[in-house]
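Engineer: I would like to see how this sequence folds:
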Amino acid sequence: MGEELERMHPRVYTNISRQLSRAPFGELEDSDMAPMLLNLVAKDLFRSSITWGKIISIFAVCGGFAIDCVRQGHFDYLQCLIDGLAEIIEDDLVYWLIDNGGWLGLSRHIRPRVGEFTFLGWLTLFVTISAGVYMVSNVCRRIGGQLYSLLF
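Structural biologist: Next up, the predicted model:
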């Protein structure tokens with residue numbers, strides 16, 4: 001889902017530091033800046049409600065910040081960014097995640113329930129089986145007729 005978000009909205013998830021920072025060219029001035037900006041984005045994003053889409057979006061924003069850190073040569077900022085995301089999960093998301101089935105709840109949210117057939121599904125299954133039985137019976141009848149004529 002994150003890749004789909006980034007593909008659908010590339011301008012939102014690229015050059016994150018440039019979009020949010022007041023520093024020239026979006027330069028991250030210290031290691032606390034990216035987690036602080038990420039926290040502000042999360043607070044604004046989760047202000048009205050929390051959804052799986054918003055949670056995935058904050059991970060995509062964090063990924064954009066990580067790319068910006070690497071491009072700017074601030075490899076040491078990455079651990080602070082990870083800690084900042086963990087803090088967001090602990091402070092803002094933990095109770096919502098528990099109420100919605102934890103991280104496994106995301107897979108249940110994305111994947112449709114297996115085993116539920118619709119009327120169209122049952123009809124398709126019936127037609128397919130009927131056609132298969134018809135074809136097998138015709139083949140057996142022809143083979144049987146030819147075998148009978150050969151034997152007698």
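
Engineer: What sits closest to I50 if chain neighbours are left out?
Structural biologist: W96 (4.6 Å; Cβ to Cβ, 6 or more residues apart in numbering). From N, CA and C alone the C-beta is placed, and that goes for glycine too.

Engineer: in this protein, which spans are helices?
Structural biologist: With DSSP state H as the criterion, the chain has helices at 2-8, 10-13, 16-20, 33-45, 52-71, 77-88, 94-99, 104-110, 119-151.

Engineer: out of the ones you listed, which comes closest to E27?
Structural biologist: Of all those, it is helix 16-20 that lies closest to E27, at 7.4 Å by Cβ to Cβ.

Engineer: Quick check: chain neighbours aside, which residue is closest to L45?
Structural biologist: K54 (5.2 Å).

Engineer: doesn't G101 make contact with R108?
Structural biologist: Yes: R108 is in contact with G101 according to Cβ atoms under 8 Å; the separation is 6.1 Å.

Engineer: what comes up buried for stretch 91-102?
Structural biologist: 92-93, 96-97, 100 (16 or more other Cβ atoms under 10 Å).

Engineer: Mind putting these into TSV with pLDDT and distance to L38?
Structural biologist: Shown next, in TSV, are those (pLDDT from 0 to 100; distance: Cβ to Cβ, whole Å):
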residue	pLDDT	distance to L38
D92	88	11
L93	92	13
W96	93	18
L97	92	18
N100	90	22
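
Engineer: wait, doesn't the residue nearest to L45 sit right on F46?
Structural biologist: Yes: counting by Cβ under 8 Å, K54 does reach F46; the two are 6.3 Å apart.

Engineer: Could you list the low-confidence segments of the chain?
Structural biologist: Applying pLDDT under 70 to the chain picks out residues 1-26, 112-115, 145, 147-152.

Engineer: domain parsing for it?
Structural biologist: 2-110, 117-152 (automatic domain parsing).
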